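# Okay, predicted coordinates and the sequence, questions at the end:
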Amino acid sequence: MNAEQMNYKIQYDEIAEKFNAKYGKGNPCTLMKEDGIWHLKENKMTKISEPICVVSQFKSRADDTVHIKLLFKVNGTFQVKDFPNSLLVPRNLETMINYGFPILNNDYRNLSNHLLHQQEFAPMVQHYTEVGFFEDKESKLLVFGLDEAIGWSNSRDTMPLVFDQERSNFNVTPAGSLDEWLKMIKEEVVGNTPLEFILACGFSSAIVGYLYQNDYPVETLLINLTGDSTTGKTTAGMLAVSTFGAPTKKQKGLFSTWNGTSNAILQSLVGNYGVPYLIDELSMSNESDFTSFLYSITDGRNKKRLTKESSFQNVGESATTILSTGELSILSKSANNTGLKLRTLEFTNVQWTTSAVNSENIKNCVIKNYGVAGKAFVQFLVKNPNYITAFVESNTKGFKKVLVESPFRERLAAKYAIILAATQIANEVFSFKFNVDEIRNFIVERDAMLADSRDIGKAAWNHMLQFVQQHQNQFIYDNTPNYSHEIVGKIVTTKSKLEVSILKNVFEKAMHDFGYQDVQSILQNWKKKGLLDYEAGRLASRKQVFSKDQQEQRQEALGVTELPKKPADTVYTMLVDEEDLQLAVEC
């Protein structure tokens, strides 16, 4: 008998001793013996089954259902398997035959009674599959789920919290040594501002989870690293997630690729409230449009799905820090709108690692040593939650002073404040001596590079100038006839500007082709900047583009079967500086 079987036998014998002492003295009664379960009635012993007992029971946090762990013998060998508690109903015990465990004489009722009585000797625990911060329903405490529940206090009044690794989406069981990991950080990371920043991003996940569970207005941080393959993006991502778990693609590690559907990726994040996650190599994705995905992943809510019964299934939530890598920007495959650009923090062409040796040293260490730093970090947070709010609030005020002035500055400041707070707390916990000022400057400089791209009005303006440039032969210039079959608008010269009027249907199609979804918001932006000619109370105006001789062209351009009676059509009129358009025709 091997060691595992010996341990199972000892478990069975200990439970049998307790059970028989309490329930094995009457007539009738049931007895647990070495060779199986026996029933005594009218001084006659009848064997019911081979050895079987409930060794533990657990309550699922997800739905409050109770499951049991059965220890039973098949062909002389003990096995252990989880079952729903409903198995103990007599009619359900018949299914044990599927596992090679027959019940003799079909005596399901007596075996059911035996197991229900014996169940009282099996400890009840509460299983959790979530990682990160969540509220323990029993104690009402906010705890942090890793391979153990940090912040949970043992009490007679509460069930123990036990991590269910088998059912969880995440491998957060630590490996290796914290000392080895810290040694690598001091040798390979300290002094390299980009790597100090990305490591702080890993720790920031716990702060995001904490703020989310305390009802702060916080979104999942999505940090996208773009650039060619020699910049060390993947190594940086592995370093960040090694703080809390396995930086591997296998066995539920915190590292996956874009080689999957958006829904599958979103579902893999459900139940994550504070552990970083890496999605590597955007080029592997077959998705053509990430617009909906980016909103869902940063909002932390997956799309609801209909069940077979036509009711909506709760598919779960998440709130954490996610790192993505790719040679191209994820925003290049998304709609052109400000909301997405604010939800995604992109860092382009940053040299994360200093050399191939630097990269290899980091990877070799984190593959063997992971999950140990995150545990120490969270233990500090649980004891000192005031550090989180104090640093985040202070940093938010600081970033609002130094970020490029824009309508989005406050929202961005709140995101960057979390990362800087993680830096400061990591310095407290591990004495890293990361240069907080340099990391702040790194963030501010990189953000300034993205400031123009976040001005959707400016980007759309440049796109429409490009449209006018490309279609200049399809405009009517002042009153010069144009006999093109596809007229799109009219350009009129004034003393100060060119009035570029584009037919409403043509303009809106062009904007949508460029990926802009909210055309009205962009027009409002132009109106505020004085770039739009419009009628009172409107963003458009009515102008005569076509002469009486051009009604066929007008009908084709408007795409209608019957022309309006009035000669004027609805147009959007851009007020353009002449030097901004290189037109072949002089106006």
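Received, thanks. If you're wondering where the values come from, they're calculated on a predicted model, not measured in any experiment.

# how many neighbours does residue 395 have?
When neighbours are counted by other C-beta atoms under 10 Å, residue 395 registers 22. Yep, even glycine has a C-beta here, placed from its N, CA and C like the rest.

# got a list of what the spatially closest residue to it that is not a sequence neighbour touches?
Nearest-residue entry for residue 395: residue 417, 3.5 Å, with adjacent residues in sequence omitted and distances by C-beta to C-beta, 6 or more residues apart in numbering. Neighbour list for residue 417: 391-396, 398-399 [criterion: C-beta atoms under 8 Å, 6 or more residues apart in numbering].

# what do you get if the cut-off is 6 Å, keeping everything else the same?
392, 395-396, 399 (C-beta atoms under 6 Å, 6 or more residues apart in numbering).

# does it sit in a helix or strand, and which one?
Element membership of residue 417, judged by DSSP states H and E, is helix 409-430.

# one step back: next one: the residue nearest to residue 395 from residue 394, what distance?
Applying C-beta to C-beta, to the nearest Å, the value for residue 417 to residue 394 is 8 Å.

# which phi and psi does residue 227 have?
phi 140, psi 180 (degrees, to the nearest 10).

# what's the burial count for it?
Residue 227: 19 surrounding residues under other C-beta under 10 Å.

# Let's verify residue 56: helix, strand, or coil?
strand (DSSP: H, G, I helix; E, B strand; the rest coil).

# quick one: the nearest residue to residue 89 once chain neighbours are set aside from residue 128, how far?
In space, residue 89 comes closest to residue 112 once its chain neighbours are excluded; the distance is 6.6 Å by C-beta to C-beta, 6+ apart. Using C-beta to C-beta, residue 112 is found at 29 Å from residue 128.

# Of the two, which one has the most company?
residue 128 (24 against 18).

# from what I can see that one touches residue 61, true?
Yes: in this structure residue 128 lies within contact range of residue 61 using C-beta atoms under 6 Å: 4.8 Å.

# need the strands for the stretch 101-250 of the chain, in chain order.
124-128, 131-135, 142-145, 149-150, 161-163, 221-226 (DSSP state E, counting those that start in this stretch).

# can I get those strands in a markdown table with mean pLDDT and distance to residue 488?
Listed next are those as a markdown table, based on pLDDT from 0 to 100; distance: least, C-beta to C-beta, whole Å:
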| stretch | mean pLDDT | distance to residue 488 |
| --- | --- | --- |
| strand 124-128 | 90 | 60 |
| strand 131-135 | 96 | 53 |
| strand 142-145 | 96 | 58 |
| strand 149-150 | 94 | 63 |
| strand 161-163 | 90 | 62 |
| strand 221-226 | 96 | 35 |
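
# any chance of the ones you listed in a markdown table, with distance to residue 14 too?
Formatted as a markdown table, the strands of the stretch 101-250 of the chain follow (distance: least, C-beta to C-beta, whole Å):
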| stretch | distance to residue 14 |
| --- | --- |
| strand 124-128 | 17 |
| strand 131-135 | 33 |
| strand 142-145 | 30 |
| strand 149-150 | 27 |
| strand 161-163 | 20 |
| strand 221-226 | 49 |
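
# Nearest to residue 375, out of these?
strand 149-150 (6.9 Å; C-beta to C-beta).

# quick one: low-confidence parts of the stretch 51-200 of the chain?
For the stretch 51-200 of the chain, the stretches with pLDDT under 70 are 154-157.

# The same query, at a cut-off of 90, please.
Scanning the stretch 51-200 of the chain for pLDDT under 90 picks out 60-64, 105-106, 123, 136-141, 152-161, 165-167.

# Could you pull out the helices in it for me?
90-93, 108-118, 178-184, 193-213 (DSSP state H, counting those that start in this stretch).

# Next up, phi/psi of the residue minimising distance to the centre of the chain, please.
Geometric centre of the chain, nearest residue: residue 297, 4.6 Å, by C-alpha atoms, centre = their mean. In terms of degrees, to the nearest 10, the main-chain angles of residue 297 are phi -70, psi -40.
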